[in-house]
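Engineer: the following block contains a protein sequence and its predicted model.
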Amino acid sequence: MRILLLSDIHANLEALEACLAAAPSFDLAVNLGDIVGYGASPNEVTVRSRELGKVFVRGNHDKAATGLIDLEDFNPMAAAAAIWTRDTLTSENLEWLRALPKGPRILDGLPDVQMVHGSPVDEDEYVVSLGDALVPLITLTVPLTFFGHTHLQGGFFAGAAAADGFRPEYRTVGQAESVALQLKPETRYLINPGSVGQPRDGDWRAAFALFDTDAQVVHFHRTPYNLKDAQDRIHAANLPSRLATRLAAGR
């Protein structure tokens, strides 16, 4: 089975469509949360996400935009975007986002693979460093976890002899590229496909991944998208201008 992994789209329609255009053929699409927030196309991205598949976990911005959590832990810019998103979503899309399941989720027929937004231990926890990753890597019984939330493409592993983090290395910052990671036996992984709509690793290109369950290979992808149109939508919506300008920096 070939599984398309999308995370942290953040209402960036242009980035999502570019990822779908660049993606190889797949059998199943999985969404790791934060479908909305920050960007200016929450309804369009929600509808497109609903069309793609049935496997979802909720993100913290999905919860914030639908009133499931308060905004006290959000910075002013993120809070303003969440309030705007809540007011902009159709009632149907708002209720659908509100009903998204909490992670982790085990995939049907794949008991060794789970999906979560943040950490397998806490759906809102950031897994940024190896120290953050060690507890779930060592204690959980599921050997492969796909997660999002940090907007950092790559992940962490722990085997019999070592534990470490990894990031895919690309040759350009403007073209469509992919990097393959061969999973090793007897090794546990936490893998982040990267953010479709709000990368934070210094690379502005939209990020996603494809997992080939038969070959046990994860293909990381980056693809350029129509950045100006995404920025223009943000400005037209009168959202904070920083939400538009930071897209170009991948921060």
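Structural biologist: Sure thing, it's come through. On a predicted model such as this, the values are computed, not experimentally measured, just so you know.
Engineer: what sits up against stretch 88-105?
Structural biologist: 32-33, 35-36, 42-43, 46-47, 50, 55-58, 62, 65-68, 86, 114-118, 120, 123, 142, 145, 237 (C-beta atoms under 8 Å, 6 or more residues apart in numbering). Glycine gets a C-beta too; all of them are placed from N, C-alpha and C.
Engineer: buried set for the longest helix along the chain?
Structural biologist: Scanning the chain for the helix with the most residues, using DSSP state H, yields helix 76-88. For helix 76-88, a neighbour-count test (16 or more other C-beta atoms under 10 Å) marks A78, A80, A81, A82, W84, T85, R86, T88 as buried.
Engineer: which SSE is H10 in?
Structural biologist: In the assignment (DSSP states H and E), H10 maps to no helix and no strand.
Engineer: residue boundaries of the strands in the stretch 151-251 of the chain?
Structural biologist: Per DSSP state E, counting those that start in this stretch, the stretch 151-251 of the chain carries strands over the ranges 154-158, 163-166, 177-182, 188-192, 206-212, 217-223.
Engineer: tell me which residues of stretch 156-172 are tucked away?
Structural biologist: Within stretch 156-172, the residues scored as buried using 16+ other C-beta under 10 Å are F156, F157, A158, G165, P168, Y170.
Engineer: tell me the one of these nearest L110?
Structural biologist: The closest of these to L110 turns out to be F157 (C-beta to C-beta; 18.4 Å).
Engineer: name the nearest residue to that closest one, ignoring sequence neighbours.
Structural biologist: Y189 (5.0 Å; C-beta to C-beta, 6 or more residues apart in numbering).
Engineer: what sits against the one you found?
Structural biologist: The contact partners of Y189, taken as C-beta under 8 Å, 6+ apart, are L137, P143, L144, T145, G155, F156, F157, L183.
Engineer: adding pLDDT and distance to V218, write these out as JSON lines.
Structural biologist: Output for the contacts of Y189, formatted as JSON lines (pLDDT from 0 to 100; distance: C-beta to C-beta, whole Å):
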{"residue": "L137", "pLDDT": "93", "distance to V218": "16"}
{"residue": "P143", "pLDDT": "95", "distance to V218": "13"}
{"residue": "L144", "pLDDT": "97", "distance to V218": "9"}
{"residue": "T145", "pLDDT": "97", "distance to V218": "12"}
{"residue": "G155", "pLDDT": "97", "distance to V218": "9"}
{"residue": "F156", "pLDDT": "98", "distance to V218": "13"}
{"residue": "F157", "pLDDT": "97", "distance to V218": "11"}
{"residue": "L183", "pLDDT": "97", "distance to V218": "7"}
